[in-house]
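J.: sequence isn't available, so here's the structure alone:
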């Protein structure tokens with residue numbers, strides 16, 4: 001369902017290459033947003049498709065798009081998605097990638113396996129970190145523009161907002177202050193939430209009830225990677241009264257812990273400012289839209305029962321312990337309000353949402369694994 005399940009196709013431990021011109025160059029293109037995902041139009045071998053902009057994944061194409069573009073498979077390898085699940089793939093050479101009127105040549109990419117989750121969402125590929133790390137990128141959140149260049153001229157960089165990147169050959173790792181503790185997080189435009197705390201970091205700070213307040217806990221499914229839905233796991237919803245990216249203060253930051261190796265900041269940060277990453281100088285800039293000394297309130301309400309799609313059915317993916325009802329994670333949801341739901345198209349459900357869900361309170365009907373009967377309850381956002 002829209003804004004409930006978290007989609008991130010983060011891959012690690014893969015270094016791919018691209019040939020770029022030696023002279024000054026700049027590529028500018030607009031991107032659209034779809035359930036927190038940044039989408040651009042790009043073409044390979046003259047064949048146009050829809051591509052994700054993802055700082056947490058290497059450049060990739062789907063099996064079907066590779067066939068359309070006449071791309072031949074290469075060396076087989078395996079990588080890991082955002083949930084640590086293995087994805088088997090092949091490395092291919094793209095003769096050209098045209099993006100924003102600019103052509104990149106001899107770009108290496110991954111060809112995802114047939115029927116991969118990326119393809120099921122109507123996406124043809126990923127413009128990823130092995131291309132972006134060749135220069136300087138700017139994500140213009142207000143105008144929804146993506147800029148990739150080797151020249152800082154005209155990018156509007158304010159050095160007062162600069163943060164030195166942590167040394168990492170693949171991911172964009174940024175030290176931020178969460179509560180009174182430094183968390184080195186991955187900037188991942190493939191993730192939606194402003195901040196996703198890793199369970200590993202939560203284990204370090206959970207005893208600090210002054211700077212971190214647990215709102216709810218539960219066991220279930222909240223994340224989907226390239227290999228599909230994660231396994232059910234224990235998660236915690238946490239409120240952080242004060243946090244900082246550089247010298248910008250954020251208040252009432254809410255996060256849900258994940259099993260990912262590192263914490264992440266995702267595309268929702270672009271609701272509040274622009275991000276510029278100078279990979280050559282190893283600098284990260286978050287530049288807010290407005291100059292302010294007041295904290296930016298980033299509180300995000302969450303459903304007490306998070307509904308997601310498994311196969312072609314709706315299920316309770318996560319049930320928090322503050323939910324008022326006997327529903328369990330994995331129970332099938334058969335109606336929202338008065339609308340009976342027997343079959344769900346995953347792409348439509350996750351990109352367009354469900355009109356019947358009202359944040360202030362929505363009655364759902366579910367098939368109880370406890371009683372074996374259909375039961376009703378009201379879910380809401382808190």
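T.: Received, thanks. What you see is a predicted model, and the numbers here were worked out from it, not measured in a lab. Numbers count the residues shown, from 1 in each chain.

J.: and stretch 108-122, end to end?
T.: Taking CA to CA, to the nearest Å, the span from the opening residue of stretch 108-122 to its closing residue is 22 Å.

J.: could you list the low-confidence segments of the stretch 201-350 of the chain?
T.: Applying pLDDT under 70 to the stretch 201-350 of the chain picks out residues 223-231, 346-350.

J.: flag every buried residue along stretch 29-36.
T.: Using 16 or more other CB atoms under 10 Å as the burial criterion, the residues of stretch 29-36 that qualify are 29, 31, 34, 35, 36. Where you see a C-beta, it was placed from the backbone N, CA and C, and this is true even at glycine.

J.: the fourth one reaches residue 191, doesn't it?
T.: No - with contacts defined as CB atoms under 8 Å, residue 35 does not count as touching residue 191, sitting 11.6 Å away.

J.: is it correct that residue 364 is in contact with residue 376?
T.: Yes - using CB under 8 Å, residue 364 is in contact with residue 376, at 7.0 Å.

J.: compare these two (neighbour count), which wins?
T.: Counted by other CB atoms under 10 Å, residue 364 and residue 376 do not tie: residue 364 has more neighbours, with 24 against 11.

J.: secondary structure element for that one?
T.: Counting by DSSP states H and E, the secondary-structure element that holds residue 364 is strand 362-367.

J.: so what strands line up beside that strand?
T.: Using DSSP bridges, the strands paired with strand 362-367 are strand 332-336 (antiparallel), strand 374-379 (antiparallel).

J.: surely residue 119 forms part of a helix?
T.: Yes - following the definition DSSP: H, G, I helix; E, B strand; the rest coil, residue 119 is counted among the residues of a helix.

J.: can you tell me the centre-most residue of the protein?
T.: Closest to where the C-alpha atoms of the chain average out (CA atoms, centre = their mean) is residue 191, at 1.1 Å.

J.: number of nearby residues for the nearest residue to it once chain neighbours are set aside?
T.: Spatially, and ignoring its direct neighbours in sequence, residue 191 is nearest to residue 266 (3.4 Å; CB to CB, 6 or more residues apart in numbering). By the measure other CB under 10 Å, the count of residues near residue 266 is 23.

J.: report the contact partners of the residue lying closest to residue 221 once chain neighbours are set aside.
T.: By the measure of CB to CB, 6+ apart, the closest residue to residue 221 outside its immediate chain neighbours is residue 317, 4.3 Å from it. Each residue near residue 317 by CB atoms under 8 Å, 6 or more residues apart in numbering is listed here: 4, 5, 220, 221, 222, 306, 307, 308, 310, 329.

J.: if we use 6 Å, what do you get?
T.: When contacts are counted by CB atoms under 6 Å, 6 or more residues apart in numbering, residue 317 touches 220, 221, 306, 308.

J.: in JSON lines: those, plus secondary structure.
T.: Below are the contacts of residue 317 laid out as JSON lines (three-state DSSP):
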{"residue": "220", "secondary structure": "strand"}
{"residue": "221", "secondary structure": "coil"}
{"residue": "306", "secondary structure": "strand"}
{"residue": "308", "secondary structure": "strand"}
